[in-house]
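Trainee: okay, sequence plus prediction incoming.
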Amino acid sequence: METRELRYFVAVAEELHFGRAAQRLGIAQPPLSRAIAGIERRLGAPLLERGSRGVALTESGVVLLREARAALDAVEAAERRTRRAALAATGRPAVVLAAKAGASDELLAKLLDAYAAEPVAVDVVLCGPGEQATVLRTGRADVALLHRPFDDTAGFDTEDLHCEGQIAILPAGHRLSTRPHLRLAEVTAIADLPLPRWPRSDGTFPDGPGPQVRDHTQLTQLIALGRACAVVPESGGTGLRDGLTAVPVTDAPRVTTVIAWPPHSRSTAVAGLVRAATAL
């Protein structure tokens, strides 16, 4: 199956409308319909249910959508990494490291210092919550700092770097801010300080009373204004702005920071960066 055909199918599966999919792809609708029908014939399975109310995915279609997205991501990643390998020959940076903005700052600084003597420089891409794995999968980064249990490490090679507990970030002066420690149930039960809602991978937000947030700066400002609280790794309490207090949450899951890279990587620069990280 050609990548062009996979892109055609993904467009129809995501739009659930042949006309909108054709417009998105910049092609006419008849050749798009013929292409999808051809895929179904070769696979011997219906991928779409066509009816008066529109288009719906069959079970086979759901499987192909998942696999097609993964395949297209892999192709895109291969193209990007090949271009960076070519750029490396010209002396331009060849290793891109993805990290969550506002997290693991001390670890990241130590890692960059430890790797500074290497002949290949490091470009750092700071991501929003949960974006590092996607950036790594799509080839926009060669290596990433991920955080279990929050980030998906499936399909990557990983090395554990650091394990820590979690803390609650509260407005200074809140009735619980002077407690020596809290339990997770106590934090989630604070009615006047709901936990924030972070975006899903598709950009939508889960339901709930908490404010929608996209980055660490938004979060800390909302907490300082008394509109939210948060449970974050202990390292997130370093250098808190005025008006915020950190309280340990004794029963929150421990967070493990890992360095992750694609298992097929043969880059000596990636291997060197991993060695530097595990030696810290």
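Mentor: Received it, and whenever you're ready, just let me know what you need.
Trainee: when you work out contacts or count neighbours from here on, use the C-alpha atoms and nothing else.
Mentor: Will do.
Trainee: now the closest residue to His147 other than its chain neighbours: phi and psi?
Mentor: Once flanking residues are discounted, His147 sits nearest to Thr257: 4.5 Å by C-alpha to C-alpha, 6 or more residues apart in numbering. Main-chain torsions, Thr257, degrees, to the nearest 10: phi -90, psi 130.
Trainee: pretty sure Thr257 sits against Thr153.
Mentor: No - look at Thr257 against Thr153 with C-alpha atoms under 8 Å: they stay out of range, at 10.9 Å.
Trainee: between the two, which contacts overlap?
Mentor: Shared contacts of Thr257 and Thr153 (C-alpha atoms under 8 Å, 6 or more residues apart in numbering): Leu146.
Trainee: more crowded one of those two?
Mentor: Thr257 (23 against 17; other C-alpha atoms under 10 Å).
Trainee: contacting residues for Trp198?
Mentor: Pro129, Phe205, Pro206, Gln212, Val213, Arg214.
Trainee: what secondary structure does the closest residue to Phe18 other than its chain neighbours sit in?
Mentor: Among residues not flanking Phe18 along the chain, Val12 sits closest, at 5.8 Å (C-alpha to C-alpha, 6+ apart). On the three-state scheme (DSSP: H, G, I helix; E, B strand; the rest coil), Val12 is labelled helix.
Trainee: residues near Val12, how many?
Mentor: Val12, neighbours per other C-alpha under 10 Å, totals 25.
Trainee: how close does it get to Asp73?
Mentor: In this view, Val12 and Asp73 are 17 Å apart by C-alpha to C-alpha, to the nearest Å.
Trainee: which residues touch whichever strand or helix holds Leu108?
Mentor: If you go by DSSP states H and E, Leu108 is part of helix 105-115. With C-alpha under 8 Å, 6+ apart as the test, helix 105-115 has contacts from Val122, Gly272, Leu273, Ala276, Ala277, Leu280.
Trainee: sticking with the fourth one, tell me its helix or strand.
Mentor: Using DSSP H and E, Ala276 maps to helix 268-278.
Trainee: among the contacts of helix 105-115, which one has the lowest pLDDT?
Mentor: On pLDDT alone, Val122 ranks lowest of those, at 83.
Trainee: alright, I will stop here.
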